[in-house]
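Peer 1: Pasting a predicted model and its sequence here:
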Amino acid sequence: MKNKITVAAQIVEILKREEVHRVFSVPGESFLDLMNEIYLEESIDFVSCRHEGGASFMAEGYGKITGRPGVVMATRGVGGSNLSIGVHTACQDSTPMVVILGQVEREIRGREGFQEVELDQMFSHLAKCTFELTDPNRTNEMISRAFRAAQSGRPGPVVVSIPADVFAEQSTYKPVPAYRPSRSLPDPEDIRKALQLLSQSKRPLIIAGGGIIRSNAERALQLFAEKTNIPVIASFRRHDVLPNNHPLYVGHSGLGTFPEILDTMRQADTVLAVGTRFSEIMTQSYTIFSEELQLIHIDIEPNTLGKVYPPQVGIVADATQALQTLSEREIHSKIDWRTWAEKRRNVYEKTTAIQNLPNEDSVDIAQIINTMQKILPEDAIITNDAGNFAAWLHNYYRFNKPNTYAGPTSGAMGYGLPAGIGAKMASPDKMVVSLSGDGGFMMTVQELETAARYKVPIIALVFNNNMYGTIRMHQEKVFPHHVIGTTLNEVNFSKLAKAIGVQGERVTNDVSFKKALENALKLKGPSVIEIMCNPEKISVLSSISSLQNKTK
């Protein structure tokens, strides 16, 4: 059946077909027709945000948790520029996202019209792909392509710009089935080579990346690890690939990872890397592996294989399919890997253990994380900004359920709060807690009003030390005592939250945090807990004084 309807109406039909129930946006005049069609469609909520950057972070967090494309909309060059940070985050995190941008009218294009930017060119290096829809007859083709590209292969963001006058034009619309990602199978010969290489290993190690999460391969990973007794390291900000309380989980590699855990990677003689691109952070600036390392690399994107480290065996396949195929085969190893795994697990447990000693007169962030672990439900979703505070979360908090963590591998400040709002909208039945430093929180604090307006019961933790802590740490390492640009005025975020209509509480010690968190869990709306931190304790591994003394 074919109908002639407007481009705006076609886009809404496609959104419905792709099971999109929520779009994030700051309204703009260049896509009013589309906004009106969403108004008329009861199954799609239009979430109006306070800044396009916040909207794109919400869409990214929503996409991370659901595994389906988060949809964000904005107007022309100004809205597009503002939301670009979320697009970059989605690209580096392989998060499916569809971005629809209103563009200036076709008759004005190329005349430096009001807010005109060549949006497809602007996003060409930030997004998986970009294009501009100028022909109404190609609406179904191009919007459908956007959803396919966002989810196929290595997922990522797709940007579509549409001139304002195109939305109102009519064309024939023919409904087609929704896109469902296919799962590519591994080459049997590659599997044989991988097993042969593994069988010769004395200290094998699995490094599990975002491809595990995007493929929903957590169970397949656990079964393969259990069959072989090979320990598992999570790549940067992918902590929930395997239950952290599992005897084969031996830590993560990221910023501020304890040296003892990194030694596991240094000691490994064979690495089975699944769904990871070997980022700078995960590889500790490409220094972590020896030249003698034997590498088996599995990824759904062919260009990822060999991009950083040439693998002895490269397997282009979906993570679930590859791990299931590996599990179905027999591995003939002369060495029992159980002892190796137990040693590295013991190192992980010893290094990350927290003695329960909450302070009554000060804040120890390790104790804050310990309290979170005890009080929060096991399936609570944690989101976080970039910042040194996150190293305490990464090193001490144990994620024991899949799909419970969303952090930006891009290191984007301002991510935690809006991503948490998006995550809570995606999983309203789960508790969501965001973690931010005072620097990052201030970048998207306006989205507290969005949470209040939509009654999103997120708990936002703000670790306040009145500075850009990560950069101050690097300053003291390179230019000790030369403090410039990193000192911030004190902002009372608990009072700011109350002014926005959100419950706010400031805590100055570990004991009062426990009470504040318990109170926040009972609320039906958003809340902010501001945690006053000692600026001297600049990171999980060092203090300002110790950094300064190293350079004397």
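Peer 2: Noted; the coordinates are in hand. This is a predicted model, so every value here is computed, not measured.

Peer 1: Name the spans of the stretch 101-250 of the chain whose pLDDT lies under the cut-off.
Peer 2: Along the stretch 101-250 of the chain, the model assigns pLDDT under 70 to no residue.

Peer 1: Export stretch 420-432 to CSV, keeping only CA atoms.
Peer 2: What follows is stretch 420-432 as a C-alpha-only set of coordinates in CSV (Å, rounded to 0.1, in the frame of the first residue of the first chain):
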residue,chain,number,x,y,z
GLY,A,420,21.9,9.2,33.4
ILE,A,421,18.6,10.9,32.5
GLY,A,422,18.6,9.1,29.2
ALA,A,423,19.5,5.8,30.9
LYS,A,424,16.6,6.2,33.4
MET,A,425,14.2,7.0,30.6
ALA,A,426,15.4,3.8,28.9
SER,A,427,15.1,1.7,32.1
PRO,A,428,12.5,3.3,34.3
ASP,A,429,12.3,0.2,36.5
LYS,A,430,16.0,0.5,37.5
MET,A,431,17.8,2.9,39.9
VAL,A,432,20.2,5.2,38.0
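
Peer 1: For it, buried residues please.
Peer 2: Within stretch 420-432, the residues scored as buried using 16 or more other Cβ atoms under 10 Å are Gly420, Ile421, Gly422, Ala423, Lys424, Met425, Ala426, Ser427, Lys430, Met431, Val432. The C-beta positions use only the backbone N, C-alpha and C, and glycine is treated the same way.

Peer 1: which residues sit against that stretch?
Peer 2: 22, 24, 47, 57-66, 70, 376-377, 379-383, 406, 433-434, 447, 450-451, 454, 456-460, 521 (Cβ atoms under 8 Å, 6 or more residues apart in numbering).

Peer 1: So which of these sit within strands?
Peer 2: Arg22, Phe24, Val47, Gly70, Ile381, Ile382, Thr383, Ala406, Val433, Ser434, Ile459, Ala460 (DSSP state E).

Peer 1: Tell me how far the nearest residue to the third one once chain neighbours are set aside lies from Gln103.
Peer 2: Meaning Val47. Computed as Cβ to Cβ, 6 or more residues apart in numbering, the closest residue to Val47 that is not its neighbour in sequence is Phe24, at 4.8 Å. From Phe24 over to Gln103 the distance is 19 Å, taken as Cβ to Cβ, to the nearest Å.

Peer 1: ok, back up a step: in PyMOL, how would I select the buried members of the contacts of stretch 420-432?
Peer 2: Restricted to buried positions by 16+ other Cβ under 10 Å, the PyMOL selection for the contacts of stretch 420-432 reads:
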select buried, resi 22+24+47+57+58+59+60+61+62+63+64+65+66+70+376+380+381+382+383+406+433+434+447+450+451+454+456+457+458+459+460+521
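
Peer 1: mind checking the longest helix of this structure?
Peer 2: In the chain, assigned by DSSP state H, the helix with the most residues is helix 76-93.

Peer 1: thinking again about what came up before, residue contacts, the residue nearest to Val47?
Peer 2: Applying Cβ under 8 Å, 6+ apart, we find Phe24 in contact with Val47, Cys49, Ala55, Ser56, Met58, Ala59, Tyr62, Gly70, Val71, Val72, Met73, Gly422.

Peer 1: which residues of the stretch 1-150 of the chain fall in strands?
Peer 2: All strands of the stretch 1-150 of the chain, identified by DSSP state E, counting those that start in this stretch, fall at 3-6, 22-25, 45-48, 70-75, 97-103, 129-132.

Peer 1: so what strands line up beside the fourth one?
Peer 2: What that stands for is strand 70-75. Applying DSSP bridges, strand 70-75 is found paired with strand 22-25 (parallel), strand 97-103 (parallel).

Peer 1: what sits up against it?
Peer 2: Under Cβ under 8 Å, 6+ apart, the answer for strand 70-75 is 15, 20, 22-31, 34-35, 52, 55-56, 58-64, 80, 82-83, 86, 90, 95-102, 115, 422.

Peer 1: again, only using 6 Å
Peer 2: Residues from elsewhere that reach strand 70-75 (Cβ atoms under 6 Å, 6 or more residues apart in numbering): 20, 23-25, 28, 30, 52, 55-56, 59-60, 62-63, 80, 83, 97-102.

Peer 1: Report the angle between that strand and helix 76-93.
Peer 2: Relative orientation of strand 70-75 and helix 76-93, computed by axes from the mean of the first three to the mean of the last three Cα atoms, to 10 degrees: 160 degrees.

Peer 1: how much distance is there from strand 70-75 to the middle of the chain?
Peer 2: Remark: strand 70-75 is offset 18 Å from the chain centroid, using Cα atoms, centre = their mean, to the nearest Å.

Peer 1: and Thr409, that one's in a helix?
Peer 2: No: looking at Thr409 with DSSP: H, G, I helix; E, B strand; the rest coil, it is coil, so not inside a helix.

Peer 1: okay, now it: neighbour count?
Peer 2: 22 (other Cβ atoms under 10 Å).

Peer 1: Quick check: it vs Leu185, distance?
Peer 2: Applying Cβ to Cβ, the value for Thr409 to Leu185 is 27 Å.

Peer 1: do the same with Leu295
Peer 2: Plainly put, Leu295 is 21 Å away from Leu185 if you go by Cβ to Cβ.

Peer 1: Return the set of buried residues in stretch 473-482.
Peer 2: Quick answer for stretch 473-482 (16+ other Cβ under 10 Å): Met473, Gln475, Glu476.

Peer 1: Kindly export the helix or strand of the chain with the lowest mean pLDDT (C-alpha atoms) in PDB.
Peer 2: Across the helices and strands of the chain, mean confidence by mean pLDDT, DSSP states H and E is lowest for helix 544-550: a mean of 84. C-alpha atoms of helix 544-550 as PDB (Å, rounded to 0.1, in the frame of the first residue of the first chain):
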ATOM      1  CA  ILE A 544      49.100  17.000  45.200                       C
ATOM      2  CA  SER A 545      52.000  17.100  47.700                       C
ATOM      3  CA  SER A 546      53.400  13.800  46.500                       C
ATOM      4  CA  LEU A 547      53.300  15.000  42.800                       C
ATOM      5  CA  GLN A 548      55.200  18.100  43.800                       C
ATOM      6  CA  ASN A 549      57.800  16.300  45.800                       C
ATOM      7  CA  LYS A 550      58.500  13.900  42.900                       C
END
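
Peer 1: so what secondary structure elements neighbour it?
Peer 2: helix 469-478 (3 or more Cβ pairs under 6 Å, 6 or more residues apart in numbering; DSSP states H and E).

Peer 1: How far does the helix it packs on sit from its chain's centre?
Peer 2: Helix 469-478 sits 25 Å away from the centroid of its parent chain (Cα atoms, centre = their mean).

Peer 1: Could you do stretch 209-224 as well?
Peer 2: 16 Å.

Peer 1: Ok, stretch 60-73 next?
Peer 2: Averaging C-alpha positions (Cα atoms, centre = their mean) puts stretch 60-73 10 Å from its chain's average.

Peer 1: How far does stretch 246-254 stretch from one end to the other?
Peer 2: Stretch 246-254 has an end-to-end distance of 20 Å (Cα to Cα, to the nearest Å).

Peer 1: In helices, which of the buried residues of stretch 420-432 fall?
Peer 2: Checking the buried residues of stretch 420-432 against DSSP H, those in helices are Gly420, Ile421, Gly422, Ala423, Lys424, Met425, Ala426.

Peer 1: what's the closest of the residues you listed to Met467?
Peer 2: Using Cβ to Cβ, Gly420 is the member of these that sits closest to Met467, with 22.9 Å.
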